[in-house]
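J.: Give me a 3D structure for the following:
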Amino acid sequence: MFARTLLSLALALPAIAQAAPQTADVLIRHAVVIDVEHARAIPGQSVAIRGDAIVAVGPDAAMQAQWTAARQVEAAGRYLIPGLWDMHVHFGGGPALVEENKALLPLYIAHGITTVRDASGDLPQQVLEWRGDIAAGTLFGPRLLTSGAKIEGIKPVWKGTLEVGSEADVDAAIVQLQRDRVDFVKITDSTLKPALFLYAARAARKAGLKASGHIPMALTVEQAVDAGLASIEHLDYAFKAGSRDEAAIAADFAAGRIDRAQANQRIDASFDRPTAMAAYRDFARRGVFVTPTLNGGRILDFLDQDDHHADPYLAYIGPGLRATYAWRVERAAKATPAQIAARHQHYHDVAAVLPMLQQAGVTIIAGTDAGFLNSFNFPGIGLHQEMQLFVREGLTAPQALAAATRAGPAWFGTLDRYGAVEAGKAADLVLLDANPLQDIRATERINTVIVRGTVLDRAALDALLQQVRGQVQQWNAEAAKAAP
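T.: Now for the predicted structure:
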């Protein structure tokens with residue numbers, strides 16, 4: 001009898017052990033999980049988080065029996081999405097504005113943005129340091145992916161560059177960027193020779209780095225893609241690829257027969273839908289993504305209708321950064337009525353390309369171009385405005401949401417870790433009060449942000465915003481005292 005009892009206990013032990021709850025750090029209960037990939041909402045879900053990773057997702061009843069946690073988040077039927085990614089931001093304005101730029105980092109978190117891609121400004125070394133400090137947990141902010149210093153020509157307009165005038169210079173720049181362990185390469189064209197642009201794109205690809213950048217007018221977009229450009233930044237370049245005369249325009253510009261304004265006029269006049277769709281299908285075939293950055297263009301093109309000087313969000317932007325806005329604002333103010341009408345039309349013409357890209361199968365990336373210089377294009381809220389523009393210009397809400405949650409990880413090849421609310425994925429999550437699959441404006445209705453497993457409820461997010469606002473007030477007061 002005693003032996004049989006021992007045998008029964010032994011057989012029961014695995015079942016008892018299996019039934020014992022596992023311990024997580026955080027348990028989110030009663031959430032509607034948004035499956036962004038398949039555009040569906042899954043109600044009645046719980047999510048277990050341990051450290052910076054999701055360890056289990058499943059129906060509430062089963063998860064409650066299987067998991068326990070010291071910190072429980074009651075979602076109460078709210079909508080849980082992966083953390084948002086802003087795939088085109090800038091930090092800059094010179095060494096005097098390092099602290100003002102650093103103060104932007106909490107703004108991203110407060111708006112549900114858990115990863116940003118820095119597309120190079122003029123503070124590349126500081127951004128590289130921040131990237132390391134954030135990863136180490138000694139600086140609070142979104143996960144930073146950065147190009148480091150951009151590759152440019154000799155004596156370029158843009159600061160914070162690796163200046164190159166030869167292929168040997170490009171090779172040295174790539175070695176430097178590899179030494180900095182950059183996440184991708186940014187190439188711009190204010191003084192960079194077209195042939196060196198192509199060489200730099202090829203060199204980056206050979207080094208195993210993705211390249212992005214501004215395509216010289218003297219090149220066709222196809223030439224840049226052939227060389228290895230992996231993402232097209234700004235929708236204007238995709239619009240340029242739709243010109244049936246693009247090759248002739250590029251050749252005339254390269255030969256000095258036309259200036260930039262004349263080239264743009266010819267591009268506008270020769271845009272052709274069949275040409276564009278053929279180019280966009282080629283982008284899709286090659287895996288070339290497009291980051292439209294619509295919001296920045298919209299703001300600048302319509303400054304005559306809204307000068308933004310009363311924007312409440314200015315309270316979160318330091319005085320030095322606000323001063324960098326003046327350059328573009330003053331330039332826009334000098335436009336004639338005809339020029340204003342032309343830029344309005346240009347915005348609409350370019351924006352019309354967006355649904356064409358989607359139809360062709362191109363992956364569209366949400367990125368804002370927010371940061372210094374780009375007037376009133378605010379870090380944080382700008383990404384929500386970008387998604388809303390995507391919908392206004394022809395995408396569906398699920399497509400816009402995917403552009404801000406899955407396209408970034410797809411470009412970096414990290415969809416195994418990001419872009420979904422699943423076991424094994426990063427614990428970068430946003431809990432919303434409304435369903436973003438039905439109305440993209442729901443992404444602004446943030447209840448809780450979880451970044452690398454750390455829970456920030458609405459009170460904590462409001463405290464972040466107040467902290468930044470208070471710091472800006474202090475800087476404003478100091479600037480007022482220093483003014484003559």
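
J.: so where do the helices sit in the stretch 101-250 of the chain?
T.: According to DSSP state H, counting those that start in this stretch, the stretch 101-250 of the chain carries its helices in the segments 105-110, 124-136, 167-179, 194-206, 221-227, 235-240, 246-254.

J.: need the ones you listed in TSV with mean pLDDT, distance to Asp52 and mean neighbour count, can you?
T.: In short, each C-beta sits where N, CA and C put it, glycine included. Output for the helices of the stretch 101-250 of the chain, formatted as TSV (pLDDT from 0 to 100; distance: least, CB to CB, whole Å; neighbours: other CB atoms under 10 Å):
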stretch	mean pLDDT	distance to Asp52	mean neighbour count
helix 105-110	98	14	24
helix 124-136	98	11	17
helix 167-179	98	27	16
helix 194-206	98	30	21
helix 221-227	98	36	19
helix 235-240	98	34	23
helix 246-254	98	46	18
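
J.: With distance to Pro319 added, can I get those in TSV?
T.: Output for those, formatted as TSV (distance: least, CB to CB, whole Å):
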stretch	distance to Pro319
helix 105-110	16
helix 124-136	19
helix 167-179	33
helix 194-206	36
helix 221-227	38
helix 235-240	31
helix 246-254	39
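
J.: so where's the longest helix in the protein?
T.: helix 458-482 (DSSP state H).

J.: I'd like to know which elements that one is packed against.
T.: In terms of contacts (3 or more CB pairs under 8 Å, 6 or more residues apart in numbering; DSSP states H and E), helix 458-482 is packed against helix 105-110, helix 319-324, strand 446-451.

J.: That one: which residues count as buried?
T.: When neighbours are counted by 16 or more other CB atoms under 10 Å, the buried residues of helix 458-482 are found to be 461, 464-465, 468, 471-472, 475.

J.: where does the protein dip in pLDDT?
T.: Along the chain, segments meeting pLDDT under 70 span 1-19.

J.: rerun that using 80 as the cut-off
T.: When residues are selected by pLDDT under 80, those of the chain lie in 1-19, 484.

J.: for it, longest strand please?
T.: In the chain, assigned by DSSP state E, the strand with the most residues is strand 22-35.

J.: List the buried residues of that one.
T.: Using 16+ other CB under 10 Å as the test for burial, strand 22-35 gives 24-35.

J.: can you list those in a markdown table and add distance to Ala65?
T.: Listed next are the buried residues of strand 22-35 as a markdown table, based on distance: CB to CB, whole Å:
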| residue | distance to Ala65 |
| --- | --- |
| Ala24 | 13 |
| Asp25 | 18 |
| Val26 | 17 |
| Leu27 | 12 |
| Ile28 | 16 |
| Arg29 | 12 |
| His30 | 15 |
| Ala31 | 17 |
| Val32 | 20 |
| Val33 | 19 |
| Ile34 | 24 |
| Asp35 | 23 |
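
J.: Determine which two of those residues are furthest apart.
T.: Among these, the pair separated by the greatest distance (CB to CB) is Asp25 and Asp35, at 23.6 Å.

J.: would you list every one of the strands in the stretch 201-350 of the chain?
T.: With DSSP state E, counting those that start in this stretch applied, the stretch 201-350 of the chain shows strands at 211-213, 229-233, 289-291, listed in chain order.

J.: got those as JSON lines, with distance to Tyr316 columns?
T.: Formatted as JSON lines, the strands of the stretch 201-350 of the chain follow (distance: least, CB to CB, whole Å):
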{"stretch": "strand 211-213", "distance to Tyr316": "28"}
{"stretch": "strand 229-233", "distance to Tyr316": "25"}
{"stretch": "strand 289-291", "distance to Tyr316": "24"}
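
J.: Just give the closest residue to Ala218, not the sequence neighbours.
T.: With CB to CB, 6 or more residues apart in numbering as the criterion, Ala218 has its nearest non-adjacent residue at 3.7 Å, and that residue is Ala254.

J.: Ok, Val472 next?
T.: If the residues on either side of it in the chain are set aside, Val472 comes closest to Gly318, at 5.5 Å by CB to CB, 6+ apart.

J.: And Ser212, how far from Phe197?
T.: Per CB to CB, to the nearest Å, Ser212 is found 12 Å from Phe197.

J.: Identify the contacts common to these two.
T.: Ile187 (CB atoms under 8 Å, 6 or more residues apart in numbering).

J.: how much space between Gly318 and Ile134?
T.: In terms of CB to CB, Gly318 sits 20 Å off from Ile134.

J.: Was I right to think Ala31 contacts Leu431?
T.: Yes. Between Ala31 and Leu431 there is a contact under CB atoms under 8 Å: 7.0 Å.

J.: Touching both of those two, which residues are there?
T.: 75, 78-80.

J.: quick one on the thing from earlier: among the helices and strands packed on helix 458-482, which is nearest Pro484?
T.: helix 319-324 (14.7 Å).

J.: Which residues belonging to that closest one are considered buried?
T.: When burial is assessed from 16+ other CB under 10 Å, helix 319-324 yields the following buried residues: 319-322, 324.
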